[in-house]
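Sequence first, predicted model second:
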Amino acid sequence: MSITVEEEIFGLAVNPFTNSPEMVRRYTLKNANGMSVSIIQLGAIIQSVRLPDAYEKVDDVCLGFEDIASYMANKSAYIGGTLGRVANRVANGEYMMNDTKIQVTKNFQDKYQLHGGFVGFDSVIWEVVQKTSEGVVFRHVSPQGHEGYPGSLTCLITYNLDNENRLWARFDATSDRDTVVNISNHAYFNLAGHGAGAKGLAEHTVEIAAEQIVETDEAQIPTGKLVDVNDTVYDLRLPVLLGDRLRQFEDRPIKGYDNCFVINGGQLVKNVVKVAKIVHPPSCRVLEVWTNQPGMQFYTANNLPNEKAGDIPMIGKECTHYVRHCSFCVETEMFPDAMNHPEFPSITLEPGQKYCHEVLYWFKVEESWKCCCNNTL
């Protein structure tokens, strides 16, 4: 059985460039194993990832919303969205290029730029340029000067699904003048199911093949240093139980993981390499992350609502409350603020060059976990 691609109307959204309402469609890729992935044109957002566990129970393991209004109301969380032109932080909203200071918008407390600015790639309506036998290709042209960035940037995102439960995402970009590019995706996963909450996340084990992380200051701006993970909570080279590790953050300013791990030796590599493995033993679901990028931001949803402290709830699919530590993100990327750190791998893109970021989310069921876990689902 080949992959099927279904198309349907998801809702209406205002195009931020024309201020006119446009129809947003959802594209659902399905394979022969009962796995499906849904992507919407708004932000090229991964809206749903459904797959069976070892007991043939199908769950949606990706956080998301069922309508456009909820995505707009919760825009600051970037649920499932594409991040760009530059993912992560740009210190002071500025950088130097060709001896010229480039000033970009500062959308985070007027201090720095986060995830591309006020209208990042998560907020635009992507054009669908191709439906293939395996997936969908989205396109967006970011105009010259948008959010302060030089150059007209043409971007393609290709999502493919196969019958090995591999979801491929490829980000390609070209520019008509010197600029900077660092695109990523902000999908939130919980392999116990999107509604399993903090309890479900705590049951996961995580393993990341990184000997260093990018050091940051109290505002999470990189210092320019890479620091060893030895004898720290950031040493995830062997599988650790996430619930145990998160308790070690209770007395820290940042209440969980939100760090760029240095993977692939801190270099852009030619082919995708396995850099992380997350397991939910009770369901036997596994997510492997493979990429060609030098960094991966591992984030444990620390900034989602803390309802115990009185935060306003975030209501997701199936009326689920999405709360602090209810999920994780694995944002493959170049290093944050790389344009301000010549010692980091360059994110400069010149005319005639092609930016290419590949990431593979490989969902598996490892039934060997059945022998050591009770079926509590």
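Sure thing, it's come through.

show me the contacts for A209.
237, 263, 274-276 (Cβ atoms under 8 Å, 6 or more residues apart in numbering). Every C-beta, even on glycine, is put in place using the N, C-alpha and C of the backbone.

In this protein, where is pLDDT below threshold?
Applying pLDDT under 70 to the chain flags the ranges 1, 369, 371-377.

Flag every buried residue along stretch 243-260.
With burial defined by 16 or more other Cβ atoms under 10 Å, the residues of stretch 243-260 counted as buried are 243, 245-246, 249, 255-260.

which one among those gets closest to Q267?
Nearest to Q267 out of those is C260 (Cβ to Cβ; 14.2 Å).

Neighbour count for the contacts of A209 - can I get that in TSV?
Compiled in TSV, the contacts of A209 are given as follows (neighbours: other Cβ atoms under 10 Å):
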residue	neighbour count
R237	13
I263	26
K274	14
V275	25
A276	22
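
Which one of those is nearest to G43?
Closest to G43 out of the contacts of A209 is A276 (23.3 Å), distances taken as Cβ to Cβ.

beta partners for the closest one?
Per DSSP bridges, the residues bridged to A276 are I208, V289.

For it, which residues are in contact?
Going by Cβ under 8 Å, 6+ apart, the list of residues near A276 reads 206-209, 263, 288-289, 296, 298, 330.

and which of the residues you listed is nearest to P305?
Using Cβ to Cβ, F298 is the member of these that lies nearest P305, at 20.5 Å.

quick one: contacts for that closest one?
Residues in contact with F298, defined by Cβ under 8 Å, 6+ apart, are 206, 208, 236, 257-259, 261, 276, 328-331.

Sort out which of these are in strands and list them.
Judged by DSSP state E, the contacts of F298 include 206, 208, 258-259, 261, 276, 329-331 as members of strands.

okay, among those, which ones form the most distant pair?
Taking Cβ to Cβ, the two most distant members of the ones in strands among the contacts of F298 are D258 and A276; they sit 15.3 Å apart.

Identify the residues contacting the nearest residue to P345 once chain neighbours are set aside.
Nearest in space to P345, with sequence neighbours left out and distances taken as Cβ to Cβ, 6 or more residues apart in numbering, is P294 at 5.2 Å. For P294, the contact set (Cβ under 8 Å, 6+ apart) comprises 262-269, 334-335, 345.

Does K225 touch E215 like I think?
Yes - shown here, K225 and E215 form a contact pair, counting by Cβ atoms under 8 Å, at 4.3 Å.

Quick one: end-to-end length of stretch 340-358, please.
Counting by Cα to Cα, to the nearest Å, the length from the leading to the trailing residue of stretch 340-358 is 24 Å.

Flag every buried residue along it.
340-341, 344-345, 347, 349, 355, 357-358.

circling back to that earlier point, could I have the buried ones of the contacts of A276 as ChimeraX selection syntax?
Selecting the buried subset of these in ChimeraX, with 16+ other Cβ under 10 Å as the burial test, is done by:
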select :206,207,208,209,263,288,289,296,298,330
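
residue boundaries of the helices in this protein?
Under the criterion DSSP state H, the chain carries helices at the ranges 68-73, 197-202, 242-247.

Can you list the buried residues in the second one?
Spelled out, it's helix 197-202. Along helix 197-202, these residues count as buried under the neighbour rule (16+ other Cβ under 10 Å): 197-198, 200-202.

now the buried residues of stretch 340-358 as a markdown table including distance to K101?
Output for these, formatted as a markdown table (distance: Cβ to Cβ, whole Å):
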| residue | distance to K101 |
| --- | --- |
| N340 | 11 |
| H341 | 16 |
| F344 | 19 |
| P345 | 22 |
| I347 | 17 |
| L349 | 19 |
| Y355 | 23 |
| H357 | 27 |
| E358 | 32 |
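
Which one of these is nearest to C155?
Minimum separation from C155 among those (Cβ to Cβ) is found for Y355, which lies at 8.4 Å.

got a list of what the closest one touches?
When contacts are taken as Cβ under 8 Å, 6+ apart, Y355 is in contact with 171-174, 181, 183, 349.

Kindly recompute the last result at 10 Å.
Taking Cβ atoms under 10 Å, 6 or more residues apart in numbering as the criterion, Y355 is in contact with 153, 155, 171-175, 179-183, 334, 347-349.

again, but for Y95
Applying Cβ under 10 Å, 6+ apart, one finds that Y95 lies in contact with 86, 101-104, 113, 148, 180, 337-341, 347.

Most neighbours among the residues you listed, which one?
V86 (31 neighbours; other Cβ atoms under 10 Å).

I'd assumed H146 was in contact with that one.
No - under the contact definition of Cβ atoms under 10 Å, V86 does not touch H146, with a separation of 11.7 Å.
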